[in-house]
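# when you get a sec, could you give me coordinates for this:
(one chain, ligands or ions: 1)
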Amino acid sequence: MTKRRPSNKKPTGMNKSLGNSLCNERQRNRKKYKIASTEDDLDNPAFIEETIERVLESKTFESNMEELFAKAELAGSTFNAERGAVQIVDKDSTVVVRTNADITNFNALKTSKEHLLKIPRRPAKHTYQTAEELHALENEMFLSWRLGLSHLEDMDGVALTPFERNLDIWRELWRVVERSDIIVQIVDARNPLLFRNADLEDYVRTVDPAKKNVLLINKSDLLLPEQQRHWSDYFSNTGIDVIFWSALEPTATEEDDELFNREKCQFASSRDELIALFKTKGGYAIQGRPLVVGFVGYPNVGKSSTINKLLAAKKVTVSATPGKTRRLQTHALDDGITLCDCPGLVMPSFAFDRSEMFLNGIMPIEQMRDHFGPISLLISRVPADWICDRYSLTLAAEDIDAVKLLTAIAFVRGMMSSSGVPDCSRAARLLAKDVVVGKILWVAAPPSHDQKEFDDLFFLKKGVKIRGQAQLRQMEKKGLIESSKVANERFDQCFFDGPGSQAHVMTRKPGVTPLDDASKKHFKKKDKARRMFVQTYS
Ligand SMILES: Nc1nc2c(ncn2[C@@H]2O[C@H](COP(=O)(O)OP(=O)(O)OP(=O)(O)O)[C@@H](O)[C@H]2O)c(=O)[nH]1
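Numbering: from 1, shown residues only. Below you'll find the predicted structure:
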């Protein structure tokens, strides 16, 4: 292996663009890493603080050039070390909305390759003696971890989500795991499995088998009691220790209690209940010293909000933009518990695309370049009527696509570019933010459940008008029609208003012209009057 020294000469000829990139990168690094110019700087806490903040910037995406540099740096500046592993791939390619077959193939792939998807480990204690040796070993281990993931991506059909590429952030995770008696992995209740990392649980057990793993399902206020019940059944069947929780709202009311099986799964509806549960789980540790509870998880899942709730004070910054918590923080509770907050970590996982990450708040919406992909994914999940109602749009919901929807939102909200063109990217950011904060809601079904049925249950309960197959299935369940297959051939349009309200069905026989505008208007009026009737056209 040859070691190349960076040259100060200006690049010429064929090497010019590579040379320019190297120069630019050096400039960027100079801005990124603060350099101590005097010895006093090293004694100055403000200087050190600022330097740490800069180094601890989360990094989930790197350009090819940055990736080359990062890997070269980890490999001790030896460019040749892994030239073959640096790929020129377009990571921004747009989304294709998933079909059922895609989802089945994806789940199969996930099951078969999941064991290869590891998080980086800290070198074992007996393998180093000095801090320098540890540093070198950590770099070596991190490089080989990244190479492993590159090889995994080379496999057919495998796509990985962007993941944390800053070793210093992983170091924070290791510190939290080592310090804590209970490692609480916080996940977003809307899609818990997307945020759960099973390998982290394995890692915790290898560090010390006495440490406890707990999955805290935060934002449970966004789930219906029935949805919570399905998820709690799933977790209790798979033997995963979970606590349902909401850092913002009380999780369950008394009348909901009957819907849950509290023996199977745990719910904490207040700060005191959550603390009591932690104490029960980590009871062995409270002899003579505080119980340390570490909070880890993806950005934006509510770690800081949970800690604030436990502290009964707003001590940690909360923000809808992911990546606010930058480094490990500890907080002592009066109750003999110390809380340990870790920066949000995007762990590697299998994914179709980045749209999922934007819609789930894992990546900052500001970094969203392709805005049609995430919005197409959203339209495939929630009824277009609902989105139209929310933004006061008068679009025909049947043939809505991302372009039409974004153009309409931009018009209605006056989001126009200086040349008078609707600004679709601004409209997409607005919509995606509403999804992240839960104003537009979609909840993933547990693997044991059919997603469509799960969606029907939700939209019906929420009183959202649902169309097409979903309505027909609901009508079939209510005994209004015999079979959704037959009905599908006969019905032209139908509206369902939610539980307790009446169904409004407009039908036509095959071959008959669809409803004219006057009839549609008439039925809309009836719809408002909440009376049930069936109109047959012959
Ligand atoms: N609906 C709902 N929203 C929540 C809940 N907990 C947190 N949020 C919101 O989720 C967003 C992120 O919350 P944070 O507490 O900053 O999340 P974090 O995990 O600390 O984020 P990072 O600092 O990026 O790691 C904020 O907009 C919160 O208001 C909850 O239980 N329910």
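
# residues touching the residue of the stretch 401-538 of the chain found nearest the ligand, list them.
For the stretch 401-538 of the chain and the ligand, the shortest gap (Cβ to the nearest ligand atom) falls at residue 438, measuring 5.0 Å. All C-beta atoms are positioned from the backbone trio N, CA, C, and that covers glycine. Counting by Cβ atoms under 8 Å, 6 or more residues apart in numbering, residue 438 touches 190, 219, 222.

# of those, just the buried ones, ChimeraX syntax please.
Those of the contacts of residue 438 that count as buried under 16 or more other Cβ atoms under 10 Å are selected in ChimeraX with:
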select :190,219,222
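
# restrict the contacts of residue 438 to contacts with the ligand.
219, 222 (Cβ under 6 Å from any ligand atom).

# between the contacts of residue 438, which is closest to the ligand?
Of those, the one sitting nearest to the ligand (Cβ to the nearest ligand atom) turns out to be residue 219, at 3.8 Å.

# confidence score at the nearest residue to that closest one once chain neighbours are set aside?
For residue 219, ignoring the flanking residues on the chain, the nearest one in space by Cβ to Cβ, 6 or more residues apart in numbering is residue 189 at 4.6 Å. With respect to pLDDT, residue 189 scores 95.

# again, but for residue 336
83.

# could you give the mean pLDDT of stretch 276-290?
Mean predicted lDDT for stretch 276-290 stands at 76.

# break down this structure into its strands, ranges please.
182-188, 212-218, 242-244, 266-267, 291-297, 329-333, 337-341, 491-496, 503-508, 533-537 (DSSP state E).

# ranked by average pLDDT, which of those strands falls at the bottom?
strand 533-537 has the lowest average pLDDT among the strands of the chain, namely a mean of 32.

# in the helix ranked longest in the chain, what's buried?
Counting by DSSP state H, the longest helix found in the chain is helix 131-154. The neighbour-count check on helix 131-154 (16+ other Cβ under 10 Å) flags 138, 141-143, 145-150, 152 as buried.

# stretch 369-383 too?
Those would be 370-379, 381-383, for stretch 369-383 by 16+ other Cβ under 10 Å.

# same thing with stretch 219-226?
Buried residues in stretch 219-226 (16+ other Cβ under 10 Å): 219-225.

# over to stretch 339-349?
Neighbour-count burial for stretch 339-349 [16+ other Cβ under 10 Å]: 339-349.

# looking at those residues, which are in helices?
Using DSSP H, none of those sit in helices.

# filter those down to the ones near the ligand?
Within those, those near the ligand by Cβ under 6 Å from any ligand atom are residue 344.

# possible to save the buried residues of stretch 339-349 as CSV with distance to residue 208?
Below are the buried residues of stretch 339-349 laid out as CSV (distance: Cβ to Cβ, whole Å):
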residue, distance to residue 208
339, 19
340, 15
341, 20
342, 17
343, 22
344, 24
345, 20
346, 25
347, 20
348, 24
349, 25
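
# from the buried residues of stretch 339-349, which is closest to the ligand?
Looking across the buried residues of stretch 339-349 and measuring by Cβ to the nearest ligand atom, the closest to the ligand is residue 344, at 2.7 Å.

# nearest residue to the closest one in space, please, no chain neighbours.
Counting by Cβ to Cβ, 6+ apart, the residue nearest residue 344 is residue 299, at 2.9 Å.

# from the ligand, how far out is that neighbour?
Going from residue 299 to the ligand by Cβ to the nearest ligand atom, to the nearest Å gives 3 Å.

# with residue 197 instead?
14 Å.

# quick one: pLDDT of that residue?
So residue 197 comes in at 89 (pLDDT).

# how is the protein partitioned into domains?
For the chain, automatic domain parsing gives the domain ranges 16-46, 120-154, 159-351, 354-467.

# tell me the mean pLDDT over stretch 448-459?
Stretch 448-459 comes out at a mean pLDDT of 79.

# how about stretch 415-432 against the ligand, any contact?
No: figure legend: stretch 415-432 not in contact with the ligand (Cβ under 6 Å from any ligand atom); closest approach 13.6 Å.

# any chance you could give me that stretch in PDB, C-alpha atoms only?
The C-alpha trace of stretch 415-432 is given here as PDB (Å, rounded to 0.1, in the frame of the first residue of the first chain):
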ATOM      1  CA  MET A 415     -46.500  29.700  -2.300                       C
ATOM      2  CA  MET A 416     -45.300  31.100  -5.700                       C
ATOM      3  CA  SER A 417     -41.800  31.600  -6.900                       C
ATOM      4  CA  SER A 418     -40.700  35.000  -8.000                       C
ATOM      5  CA  SER A 419     -41.500  34.100 -11.600                       C
ATOM      6  CA  GLY A 420     -45.100  33.200 -10.600                       C
ATOM      7  CA  VAL A 421     -44.800  29.400 -10.800                       C
ATOM      8  CA  PRO A 422     -46.300  27.400  -7.900                       C
ATOM      9  CA  ASP A 423     -43.500  26.400  -5.500                       C
ATOM     10  CA  CYS A 424     -44.100  22.600  -5.200                       C
ATOM     11  CA  SER A 425     -41.000  22.000  -3.100                       C
ATOM     12  CA  ARG A 426     -42.300  24.500  -0.400                       C
ATOM     13  CA  ALA A 427     -45.700  22.900  -0.500                       C
ATOM     14  CA  ALA A 428     -44.100  19.400  -0.100                       C
ATOM     15  CA  ARG A 429     -42.100  20.600   2.900                       C
ATOM     16  CA  LEU A 430     -45.300  21.900   4.500                       C
ATOM     17  CA  LEU A 431     -47.100  18.600   3.900                       C
ATOM     18  CA  ALA A 432     -44.200  16.500   5.000                       C
END
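
# I'd say the residue nearest to residue 344 and residue 362 touch.
Yes: between residue 299 and residue 362 there is a contact at 6.3 Å, judged by Cβ atoms under 8 Å.

# many thanks, I have nothing further to ask.
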